[in-house]
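> Sequence plus the predicted model coming up.
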Amino acid sequence: MTPSARIQAAIDLLDAITAAARDSGAAADTIIAKYFGQRRYAGSKDRRAVRELVYAAIRMLGERPESGRAAMLALAEGDAEMRALFDGSAHAPAAIGADEKAAVRGVAPAWIVKKLLASGIAAEELPALIDRAPLDIRINRLKPAPAPIEGAQEITAVDGAWRLPSGTNVEALEAFREGALEVQDAGSQIVATAAEASAGQRVVDLCAGAGGKTLALAAAMGNQGVLLATDTDRARLSRLTPRAERAGATIIETRLLNPGREMEALEDWADSADCVLVDAPCSGTGTWRRNPEARWRLTPDRIARLVRVQSEVMTVAAALVKPGGTLVYIVCSLLDEEGAGQVSAFLAANAGWTIDTLALPAGRPHGPGVRLTPAHDATDGFFVARLRRAC
Ligand SMILES: C[S@@+](CC[C@H](N)C(=O)[O-])C[C@H]1O[C@@H](n2cnc3c(N)ncnc32)[C@H](O)[C@@H]1O
């Protein structure tokens, strides 16, 4: 592909990605994979170059752009060489019109920026929300220690956390195939430690998804005790079983829940868990580094729906905790209505619950819990709080 044809390919992809973001369609990665699946003539260098252009444009634009062309014009602003590639030749984008408008640069849609600022995120912290994310792994203590990985840097604050050079093909490592390591953001590892899960306990990971935190809990428990992993999403939960096998985690039982009727599948766990971890579904404002187009998908309605589900899930979780046990509430969002506000509302509505002070190796106290941010902690953004049921 010529450099101009790569720009046109990025424009076409951005058109498809913005439409999908507007209509709750496929994720950007899926769209890009499908696009190149249908264009076998594009070599690996072309694919990489186009992908980089697309993601650079997505990161640069807070608001969903009107068109892929407006997005690429924003990327080309101040870059004479790139602007010259808009030359109207075969497979190239049309020449830039005198009064043609580029999309406006920014971190996020204005209404979400307003919410982030109101949630105490300083304006200087905002750009880090869309930086490129590092590649972190967790060493799985249930397996023999893996061989050193070239270029890996230990994250000393967190046991078993390492940061790898970007682009490391983790899945090709023997240690990965043997289950000796998992890809997991250091922040995700840190918030999971708030559960203080230990050998012999009865622990529930209520919103387990594909089990990122479940596997960390199983390792913390040294494979002793009972760990129940539940979710309402069959496809996600089904990915946990092979991961657990690879990781040698033998104490995990999985159960699929019916949304709104979760307790029907959980009656035998009522009032009996030492800890229930709720990694609640959320807007993901703390994970835009990995998934920058997600900020184009949010709407006020969607956030309101998530806030409702979070509160319902907390009610389910609370019914499972034994007297003296704990409920660990986590969201990978930096919006207070999903984090600190959600926990404060629970405490106000439920007598007999108190907040534990958390001693985590990162983050800053925020309301009833602790908040990690990309700018302050070089991790994804999280809010975590640990609530304790009275004895
Ligand atoms: C943030 S994700 C979990 C990520 C996972 N814990 C990890 O560490 O990889 C939130 C999960 O909550 C699940 N969920 C949504 N509503 C739920 C409900 N009512 N009960 C249990 N899980 C629910 C979603 O399907 C999703 O997998």
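Received, thanks.
> Quick check: residues of the stretch 201-350 of the chain near the ligand?
206-210, 212-213, 230-233, 236, 257, 259, 262, 279, 281, 309, 313 (C-beta under 6 Å from any ligand atom). (C-beta placed from N, C-alpha, C; glycine too.)
> and those residues, which are buried?
206-210, 212-213, 230-233, 257, 262, 279, 281, 309, 313 (16 or more other C-beta atoms under 10 Å).
> Any idea which residue of the stretch 51-200 of the chain lies closest to the ligand?
Using C-beta to the nearest ligand atom, residue 188 is the residue of the stretch 51-200 of the chain that sits closest to the ligand, at 6.0 Å.
> Mind telling me what element that residue is part of?
helix 186-192 (DSSP states H and E).
> Following element in sequence after that helix, please.
Sequence-wise, the next helix or strand downstream of helix 186-192 (DSSP H and E) is strand 201-205.
> Pull the next helix or strand after that next one out as PDB, backbone CA atoms only.
Next in sequence after strand 201-205, counting helices and strands by DSSP H and E, comes helix 212-220. Taking C-alpha atoms only, helix 212-220 is exported to PDB below (Å, rounded to 0.1, in the frame of the first residue of the first chain):
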ATOM      1  CA  GLY A 212      -8.900 -12.100  35.800                       C
ATOM      2  CA  LYS A 213      -9.400 -11.400  39.600                       C
ATOM      3  CA  THR A 214     -10.700 -14.900  40.300                       C
ATOM      4  CA  LEU A 215      -7.300 -16.400  39.400                       C
ATOM      5  CA  ALA A 216      -5.500 -13.800  41.500                       C
ATOM      6  CA  LEU A 217      -7.800 -14.700  44.500                       C
ATOM      7  CA  ALA A 218      -7.100 -18.500  44.000                       C
ATOM      8  CA  ALA A 219      -3.400 -17.800  44.100                       C
ATOM      9  CA  ALA A 220      -3.700 -15.700  47.200                       C
END
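> The longest strand belonging to the chain pairs with which strands?
Longest strand of the chain, by residue count under DSSP state E: strand 321-331. If you go by DSSP bridges, strand 321-331 pairs up with strand 273-279 (parallel), strand 382-389 (antiparallel).
> Save the ones you listed as CSV, and put in mean pLDDT too.
Converted to CSV, the strands paired with strand 321-331 look like this (pLDDT from 0 to 100):
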stretch, mean pLDDT
strand 273-279, 98
strand 382-389, 98
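> Relative to residue 178, which of those strands is closest?
Nearest to residue 178, of all the strands paired with strand 321-331, is strand 273-279, at 26.1 Å by C-beta to C-beta.
> Tell me which residues are up against the closest one.
192, 195-197, 201-209, 213, 217, 228, 313-314, 317-318, 320-322, 325-331 (C-beta atoms under 8 Å, 6 or more residues apart in numbering).
> Just want the angle from it to strand 201-205.
Relative orientation of strand 273-279 versus strand 201-205 (axes from the mean of the first three to the mean of the last three C-alpha atoms, to 10 degrees): 20 degrees.
> Show me what from the stretch 1-150 of the chain comes close to the ligand.
Residues of the stretch 1-150 of the chain lying near the ligand (C-beta under 6 Å from any ligand atom): none found.
> Where do the strands of the stretch 1-150 of the chain begin and end?
135-139 (DSSP state E, counting those that start in this stretch).
> Show the contacting residues for the most centrally placed residue in the chain.
With distances taken as C-alpha atoms, centre = their mean, residue 287 lies nearest the centre of the chain, 4.3 Å away. If a contact means C-beta under 8 Å, 6+ apart, then residue 287 has 294, 332, 380, 381 as its contacts.
> same deal with residue 281?
207, 306, 309, 310, 313.
> Next, it: phi, psi?
phi -60, psi 140 (degrees, to the nearest 10).
> coming back round to it: wait, doesn't the residue of the stretch 51-200 of the chain closest to the ligand sit right on residue 377?
No - using C-beta atoms under 8 Å, residue 188 is not in contact with residue 377, being 11.7 Å away.
> quick one: pLDDT of residue 157?
Residue-level confidence at residue 157 comes out at 87, pLDDT.
> Residues in contact with stretch 233-240: which ones?
By C-beta under 8 Å, 6+ apart, the list of residues contacting stretch 233-240 reads 208, 209, 210, 211, 214, 229, 230, 231, 252, 254, 256.
> ok, so of those, who is nearest residue 110?
For the contacts of stretch 233-240, the nearest to residue 110 is residue 209 (30.5 Å; C-beta to C-beta).
> what about the residue nearest to the closest one when sequence neighbours are not counted, which helix or strand?
Distance criterion C-beta to C-beta, 6 or more residues apart in numbering; nearest residue to residue 209, sequence neighbours excluded, is residue 236 at 4.6 Å. Using DSSP H and E, residue 236 maps to helix 234-247.
> Residue 204 versus whichever residue of the stretch 251-391 of the chain sits closest to the ligand, what's the distance?
The ligand sits closest to residue 279 of the stretch 251-391 of the chain, with a gap of 3.6 Å, by C-beta to the nearest ligand atom. Distance, residue 279 to residue 204, by C-beta to C-beta, to the nearest Å: 11 Å.
> Mutual contacts of these two, please.
With C-beta under 8 Å, 6+ apart, residue 279 and residue 204 have no common neighbours.
> Isn't residue 228 up against residue 269?
Yes - between residue 228 and residue 269 there is a contact at 6.5 Å, judged by C-beta under 8 Å.
> Mind listing the shared neighbours of these two?
With C-beta under 8 Å, 6+ apart as the test, residue 228 and residue 269 both reach 202, 204.
> quick one: stretch 67-79 to chain centroid distance?
Mean C-alpha position of stretch 67-79 versus that of the full chain (C-alpha atoms, centre = their mean, to the nearest Å) differs by 27 Å.
> Not counting sequence-adjacent ones, nearest residue to residue 339?
In space, residue 339 is closest to residue 383, 3.1 Å off (C-beta to C-beta, 6+ apart).
> show me the contacts for that neighbour.
Here residue 383 is in contact with 330, 331, 333, 334, 338, 339, 340, 366, 369, 370, 371 (criterion: C-beta under 8 Å, 6+ apart).
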